[in-house]
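K.L.:
here is the input, now give the coordinates:
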Amino acid sequence: MFFDPRPPGSEVADAGERWQPQRIAAARHRPANGFLTLPGFDADVLVNGVMQWGASPDLAALVTAHFEAGPLRSRDVPSFKSAGEALAHGFFGFVNRERARWTRLGFDFILCDVEAIRAQIQYHYDGEEFVPASSLYLGIEVGDEQLWEFGERAHELRKAHPRLLRSVLTLINRASARTVWIRTPDEFLGMFAQWYWDGDPHASDEDAMEMLRDRFGDDAAEIEHYLPSTVRPELCPDDMDVAEWSALQRRYFLRSALGINALGRIRRFQSGWVRRLCLELERLTLLLRRAGNRTLFDYGFRLECVYPACSLISENGAHIGDLLDSHYEYFNSSGDGSTYLGFIPLAQTPDAIRKQYANWALGLSILNCVDRVIALVTR
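P.N.:
Predicted coordinates for the structure are as follows:
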């Protein structure tokens, strides 16, 4: 009850005079402080209120369309609180059904509205070019470096077949081009070339010598430390270099990988993890054939991400540590780096929604296979 400080009967007046009781009301059997006590409530009565803004008509219509046309299931939504939260429950239920437990790849899906994206890209050099194509986006965020080393496994792959190691990296690169960024040894070599060899990863010692003298002077020991003949075997041996320059087409292209029949022949003569690897590579080849040349995670806006979903290195030597330190320092000073690979606009028409989820399901199947391949060849 509420306490009224006015005396009893003060609201009653007779002929202009306030009425007063003849005696003070008796307290009877009430406690002395009873006039300030609150009534008791049942435990089921909510004591805290939560104010929520209703979803915009466009957002509500988009969420409805994704449940009606896509593979989202209403049973994944424990209770309806808002359209956005219902979509989040439905979407991550879909992801959990399609994605295996990864041990090598590391990234997260984040559902974002347009304002959240603008907050992420406001300091990016081409942030003003962002034009919203949907009221909701799917962001792919990588929060940390996932670094995995081939080590002795590379020697075992070379023993099994001279082209098996290169085939592993070629197929991983093809999968990366259709899904998410995975950094392989040839990319580390390219990064090193940008820093020390004027951007040419295939520079000879003679070509690099002049540039290194401009940087290090006449220090022969320091120059030798950065020569291609010293660095290339550590960062990217010849059979890990998957790119080849075409003078006719004036561009780099991926080298060919072993086909399914060749992988099957190798598998029949191998055992243990090499045999399992050949089987996974056969599965990955078939999945990549289904994907064709299309990008399965169709980014509407890409960012310069600091981290890949996974980094593969030949061996964890001194040059790798120097490269990554320089890489992080560059983004720390420039301010253009992001932890997001990009943002994918959610489709809005029934046909586009079905196609988008089919691409995502295939992309997750490819990444499941890639994760198993990387887990077999790294430590």
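K.L.:
quick check: buried residues in the strand or helix carrying residue 365?
P.N.:
If you go by DSSP states H and E, residue 365 is part of helix 350-377. Within helix 350-377, the residues that count as buried by 16 or more other CB atoms under 10 Å are 353, 356-357, 359-377. Backbone N, C-alpha and C define where each C-beta goes, glycine included.
K.L.:
one more: stretch 92-112?
P.N.:
Using 16+ other CB under 10 Å as the test for burial, stretch 92-112 gives 93, 94, 98, 99, 102, 104, 105, 106, 107, 109, 111, 112.
K.L.:
kindly report the same for stretch 206-225.
P.N.:
Applying 16+ other CB under 10 Å to stretch 206-225 flags 208, 209, 211, 212, 216, 223 as buried.
K.L.:
could you look up the SS state of the third one?
P.N.:
In other words, residue 211. helix (DSSP: H, G, I helix; E, B strand; the rest coil).
K.L.:
is it true that it touches residue 195?
P.N.:
No: judged on CB atoms under 8 Å, residue 211 makes no contact with residue 195 at a distance of 10.3 Å.
K.L.:
show me what contacts residue 226?
P.N.:
Counting by CB atoms under 8 Å, 6 or more residues apart in numbering, residue 226 touches 196, 208, 212, 216.
K.L.:
repeat that for residue 107.
P.N.:
140, 141, 142, 143, 180, 309, 341.
K.L.:
ditto for residue 151
P.N.:
By CB under 8 Å, 6+ apart, the neighbours of residue 151 are 315, 378, 379.
K.L.:
repeat that for residue 241.
P.N.:
166, 185, 186, 189.
K.L.:
picking up where we left off before, most surrounded residue in the contacts of residue 151?
P.N.:
The most crowded member of the contacts of residue 151, judged by other CB atoms under 10 Å, is residue 378 (18 neighbours).
K.L.:
gap between that one and residue 313?
P.N.:
9 Å (CB to CB, to the nearest Å).
K.L.:
show me the shaky parts of the chain.
P.N.:
In the predicted model of the chain, residues 1-41, 45-55, 247 satisfy pLDDT under 70.
K.L.:
for it, just list every one of the strands.
P.N.:
Ranges of strands in the chain, per DSSP state E, are 13-14, 17-18, 108-113, 136-141, 147-149, 182-183, 243-246, 251-254, 301-302, 310-313, 340-345.
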